[in-house]
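S.K.: Give the three-dimensional model of this entry:
(chains A and B)
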Amino acid sequence: MTLVFVETDEGGQVQLTSAEAVTFARTNADVLAGLVGSPPEQPPGRSATSGQVAQRPQGSSDEGVTVEAAVIGQLTDAATEQLARLGVETIHHLEHPELEAYSAAAWAQALVDIAPETGTVMASGTPRGMELMAHVAVRTGQRMAANVIAADADGLLRQVLGGSAFERLALGGDLQVLTIAGHACSPEDTTATTPEVIEYELEIAVEDLRTAVVRTEVETTDAADASGLTQARAVVGAGRGVGSENGFGEVLELVNHLGGALGVSRVVTGLGWRPHSEQVGQTGSRISPDVYIACGISGAIQHMAGIEGAKTLIAINTDEESTMVQRADYAIIGDLHEVVGAVNEEIRTRHG
Amino acid sequence: MDILVCIKRVPDISGRITLDDSATDIDDRSLGHTMSAHEECAVELAIQTAADTSGSVTVLTLGPAEAVEQLRAAVAVGAKDGILIETDDLSAFGPEDIASIIGDIVRDRAEQGQTFDLVLLGNDAADTGDFQVGIRLAYDLDYPVLTGISTLHAVEGAGAGDAGAGGPGSGGPGVEARGIGPSGTEIFSLELPAVIAVQEGGVDPRYPSITGRMKAKKARITEYDAPEPGTGNPRIGLELPPETTSSVTILGEGPDAAPALVDILEEIGVIRS
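M.R.: From the prediction side, this is the model:
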């Protein structure tokens, strides 16, 4: 079986990246099952510790490879319905007072407790997904592959070098632990299932709570900015071409017209013009808007890695030969301040 | 507080890359090299934290002889000394190997009387992007571990205590660390020793001073030969994405092209009216 760690948002909806991971698990179920097998040459790390399960599911279907989901914390009807449409057959609902505050070790052990002995455990390549899968891998004595984009009979393919190359690898081992790169596939509904929801009585080891979140400050805007950026339908990107800290007037007006978000290149945050929470790319956010308008961004691979999920790419740049223009669907060659200013004016004229 | 920062020499890539003849690694002969971005921030956080606690910073890397450049770059901004674990074939090592080698060094240093209270790494390396060496190292050392941390500072009375209660922990020296979580800035309180993987964005790495550069030239770099890889690298080979031919539609030049762009935005349906 393939177990997918599913993240939900504040409103209890399944996160887009988790829906992608479930879809990847379902559409690659047989291939993933075929890759499970030979043990790693040398099981690393320590063995699984303390957490115990009072109840273990019995007799899940032997017909084909099942895709099962693990949800930690609140499980809403909406999430259950979404997972049903995505073809999930079983939902493992892991809830415990000690799991309310995030602690990677404790959450990972809860996943280890319900993980199959043979099969695949995976998550989307989000910060939580990466962290939990690495803990799961160590606790089960397995290897782990981050940012997988494809699987075939020869092994897994994953992004390296910020997405400018792919690494083919074979994990070996009875339990394959991996994360799926954001936007490596699109969520696809299938014949809806009626998932069985299994509840557990978990026991949490005290030592796994050493890394629990002590408190969360929601009043800071950084997380809200980052979350607005990853969920916006329209993102206006701004790069070095903006010229200075005070040069964002036109792009911010365009952001406002589109009800979207501002995303910036690493140069911009490096120069201190905008906060890191707005950075798009390998060391910032990965976005998948309906449209990305890159203004004055040449298109370094580290930035391109963050915008691969954009459905339509529009470039505004003085250099027609720049990577961004060459990779774009549409481009305007010119100074971004002049062009974006004219775009804003056109929108004001048409939409009052 | 004495802090070990693990850094990595990575190729400085800006354009399209090429593979070497064996197609198992990139051809980096024409590329410059640098320290991974997250690690520059880890070095900065280590220097600030050590300064606040009258401690010192040691930097470590596993890599080729040339990786001494990255160690000296860290010394130039404030680290005290460096450790080079030398190998001319870094790609033979998997994340398990790297974690276990670093773990051995930490234990070896402790036996010699140099205890590291905190081990910092980058969240993931810019080239291999494994997202796991810090966590594997923490299990190897039996230390608690955090990832995705953007700022930290030393505190007395650390520890998560009763998780979620928000009260003080068991009271030893520790660190308060912050990272961006899905619903806000998450604050952690850890007793030492601990492993922390740092995410770019919380601090601005400083530039070296002239005296820093002078110091770096003379700094002590302890060299070891890397052991044979144990688990090894699961890599079969590298592949490059297919070369895409541009299919860009140039809408025009300058402000005159604005209406054409607005047409497209209307068609996509993203203009708030």
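S.K.: contacts, neighbours, all on C-alpha from now
M.R.: Noted.
S.K.: residues near B:Glu267, how many?
M.R.: For B:Glu267, the count of nearby residues is 10 (other CA atoms under 10 Å in any protein chain shown).
S.K.: Which strands or helices does whichever strand or helix holds it pack on?
M.R.: Per DSSP states H and E: B:Glu267 is located in helix B:258-268. Contacting helix B:258-268 under the criterion 3 or more CA pairs under 8 Å, 6 or more residues apart in numbering or on different chains; DSSP states H and E are the following elements: helix A:336-351.
S.K.: packing partners for the helix it packs on?
M.R.: Helix A:336-351 is packed against helix A:249-258, strand A:312-317, helix B:258-268, with contacts defined by 3+ CA pairs under 8 Å, 6+ apart.
S.K.: related to what we said a few turns ago, list the buried residues for the helix holding B:Glu267?
M.R.: Along helix B:258-268, these residues count as buried under the neighbour rule (16 or more other CA atoms under 10 Å in any protein chain shown): B:Ala258, B:Pro259, B:Ala260, B:Leu261, B:Val262, B:Leu265.
S.K.: try stretch B:107-115
M.R.: By 16+ other CA under 10 Å, the buried positions in stretch B:107-115 come out as B:Thr115.
S.K.: pull the CA atoms of it into PDB?
M.R.: Output of stretch B:107-115 as PDB, limited to C-alpha atoms (Å, rounded to 0.1, in the frame of the first residue of the first chain):
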ATOM      1  CA  ARG B 107      32.000  12.600  19.200                       C
ATOM      2  CA  ASP B 108      35.700  12.600  18.500                       C
ATOM      3  CA  ARG B 109      35.900  16.300  19.400                       C
ATOM      4  CA  ALA B 110      33.900  15.700  22.500                       C
ATOM      5  CA  GLU B 111      36.400  13.100  23.600                       C
ATOM      6  CA  GLN B 112      39.200  15.600  23.000                       C
ATOM      7  CA  GLY B 113      37.300  18.100  25.300                       C
ATOM      8  CA  GLN B 114      35.700  20.200  22.700                       C
ATOM      9  CA  THR B 115      31.900  19.900  23.100                       C
END
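S.K.: of the buried residues of helix B:258-268, closest to chain A?
M.R.: Looking at the buried residues of helix B:258-268 and their distance to chain A, the nearest is B:Ala258, at 4.8 Å (CA to the nearest CA).
S.K.: Next to chain A, which bits of the stretch 51-200 of chain B? Give me the list.
M.R.: If contacts are counted using CA under 8 Å from any CA of the partner chain, the residues of the stretch 51-200 of chain B sitting beside chain A are B:96, B:126-132, B:135-136, B:139-140, B:144-148, B:159-161, B:163-166, B:180-190, B:199-200.
S.K.: Restricted to helices, list the residues you listed.
M.R.: Helix and strand membership here follows DSSP state H; of these, those in helices are B:Glu96, B:Ile135, B:Arg136, B:Tyr139, B:Asp140.
S.K.: Next, count neighbours for the second one.
M.R.: Read it as B:Ile135. B:Ile135 is flanked by 29 other residues according to other CA under 10 Å.
S.K.: how close does it get to B:Gly159?
M.R.: As judged by CA to CA, to the nearest Å, B:Ile135 and B:Gly159 stand 19 Å apart.
S.K.: do the same with the third one
M.R.: Here B:Arg136 is placed at a distance of 21 Å from B:Gly159 (CA to CA).
S.K.: one step back: can you list the ones in helices among the residues of the stretch 51-200 of chain B next to chain A in JSON lines and add pLDDT and distance to A:Ala205?
M.R.: Listed next are those as JSON lines, based on pLDDT from 0 to 100; distance: CA to CA, whole Å:
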{"residue": "B:Glu96", "pLDDT": "97", "distance to A:Ala205": "25"}
{"residue": "B:Ile135", "pLDDT": "98", "distance to A:Ala205": "18"}
{"residue": "B:Arg136", "pLDDT": "98", "distance to A:Ala205": "19"}
{"residue": "B:Tyr139", "pLDDT": "98", "distance to A:Ala205": "15"}
{"residue": "B:Asp140", "pLDDT": "98", "distance to A:Ala205": "19"}
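S.K.: which one of those is nearest B:Glu39?
M.R.: When those are ranked by distance to B:Glu39 (CA to CA), B:Ile135 comes first, at 15.4 Å.
S.K.: dump the residue contacts of that closest one.
M.R.: Contact partners of B:Ile135, counting by CA atoms under 8 Å, 6 or more residues apart in numbering or on different chains, are A:Glu131, A:Ala134, A:His135, B:Val145, B:Leu146, B:Thr147, B:Val195.
S.K.: Buried subset of the residues of the stretch 51-200 of chain B next to chain A as a ChimeraX selection?
M.R.: Once 16+ other CA under 10 Å is used to decide burial, the buried members of those can be selected in ChimeraX as follows:
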select /B:96,126,127,128,129,130,131,132,135,136,139,140,144,145,146,147,148,159,160,161,163,164,180,181,182,183,184,185,186,187,188,189,190,199,200
